[in-house]
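A.B. asks: 3D, please:
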Amino acid sequence: MYIVAASLINGYCKSRRMNDGKSLLAEMSETELTPNTVTYSTVMQDSFCKHGHLDEALQLLKEMQKRKIEPNIVVDNILIQGMFIAGKLENVMIKGLPREGQSDEAYKLFRKMKDEGFLPDSCSYNVIIQGFLQNQDSSTAIRLIDEMVGKRFSADSSTFQMLLDLESRDEIIS
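C.D. replies: From the prediction side, this is the model:
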């Protein structure tokens, strides 16, 4: 019976009947047919992540954790793919690369976002600027701040505080 229910959920999701898939998943949860990692990952991938509905996929992850179902590498990969589709993965990488001393790679990815159709927003600018400021590359950070302001974005409180710290160390900020 479990295989039939899981197959139905898979079919609903693939035919873009996401609400029917979610309803059946909820029904399974209320019976002895407890969904497992495979069932959840199917719904995450076919219903939400493929279509850019990352928030709903993350809700399923919370439900899995609440039910003490451990996500596996398949679930992790589905969520990463969902972040990429939703345009969120770039910000994660742009934030992480400078921490690993790879500011140049972060900058390349930041510039590549535009080529891929993901225009940088205020959050993207603040993340990359903070990375350069943390690595004491104030000249690149200042160029990015000028660019950000030119696009009518503004520094967030963390970026602003880092700039104040630079100024207090008597570094030149024009």
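A.B. asks: just the helices in the protein please.
C.D. replies: Shown for the chain, the helices assigned by DSSP state H span residues 2-14, 18-29, 37-43, 54-66, 73-85, 89-99, 103-115, 122-134, 138-150, 157-168.
A.B. asks: quick one: the first one to chain centroid distance?
C.D. replies: In this case it means helix 2-14. Helix 2-14 sits 27 Å away from the centroid of its parent chain (C-alpha atoms, centre = their mean, to the nearest Å).
A.B. asks: Mind listing what's buried along that helix?
C.D. replies: By 16 or more other C-beta atoms under 10 Å, the buried positions in helix 2-14 come out as 5-6, 9-10, 12-13. Any C-beta I mention is one placed from the backbone N, CA and C, and that applies to glycine too.
A.B. asks: Distance check, residue 63 against residue 21.
C.D. replies: For residue 63, the distance to residue 21 equals 14 Å [C-beta to C-beta, to the nearest Å].
A.B. asks: Domain parsing of this structure, as residue ranges.
C.D. replies: In terms of domains, the chain is parsed into 2-85, 89-168 (source: automatic domain parsing).
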